[in-house]
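Asks: here is my input; please provide its structure:
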Amino acid sequence: QLQLVESGGGLVQPGGSLRLSCAGSGFTLAYYAVGWFRQAPGKGREGVSVISSSGGLTNYTASAKGRFTLSRVNAKDTVTMFLDMTNLKPDDTAVYYCHTNYLFRDYWGQGTQVTVSS
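Replies: I've put the predicted structure just below:
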């Protein structure tokens, strides 16, 4: 059974930093791209960042470029993904979900809340 488990959310002041983690297990996730989505109150879910299976390629939504950095560590049967977020803004407030697509099916973690507020 594939599992994605996020951690690291919390309350931070504007301009602060947070590191989100996503631990993936259950199949050979090392061969697949993984990424982060977020959903703010009253809004739809949007893509934040994605990283290739090797970690060599990353892509970011425009609002995250220059502030967020996505990385991953591949092990035999597990993957750990890190989203380092700096210079956080109130508009970054959302539930953050890690995601992968395996055999044309989407898998999501349970989400972790990030709140940016003074």
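
Asks: please name the bridge partners of residue 102.
Replies: Following DSSP bridges, residue 102 is listed with bridge partners residue 105.

Asks: show me what contacts it?
Replies: Residue 102 sits next to 2, 27, 29, 32 when contact means Cβ atoms under 8 Å, 6 or more residues apart in numbering. Bear in mind the C-beta positions are built from the backbone N, C-alpha and C, glycine included.

Asks: switch those residues over to a markdown table; also include secondary structure and pLDDT.
Replies: Supplementary listing: these in a markdown table, determined by DSSP: H, G, I helix; E, B strand; the rest coil; pLDDT from 0 to 100:
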| residue | secondary structure | pLDDT |
| --- | --- | --- |
| 2 | coil | 87 |
| 27 | coil | 75 |
| 29 | helix | 80 |
| 32 | coil | 90 |
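
Asks: most neighbours among these, which one?
Replies: residue 29 (26 neighbours; other Cβ atoms under 10 Å).

Asks: backbone phi and psi for residue 92, please?
Replies: Backbone torsions of residue 92, given as degrees, to the nearest 10, read phi -80, psi -10.

Asks: so what pairs up with the residue most central in space within the chain in the strands?
Replies: Among the residues of the chain, residue 36 comes closest to the average C-alpha position under Cα atoms, centre = their mean, at 3.1 Å. On the basis of DSSP bridges, residue 36 takes part in beta bridges with residue 49, residue 98.

Asks: how near is it to residue 88?
Replies: When distances are taken as Cβ to Cβ, to the nearest Å, residue 36 and residue 88 turn out to be 14 Å apart.

Asks: how about the contacts made by residue 4?
Replies: Contacts were defined as Cβ under 8 Å, 6+ apart; by that measure residue 4 touches 22-24, 98-100, 107-109.

Asks: test my guess that residue 40 contacts residue 94.
Replies: Yes: because the distance of 4.2 Å satisfies Cβ atoms under 8 Å, residue 40 is recorded as touching residue 94.

Asks: fine, thanks again, bye for now.
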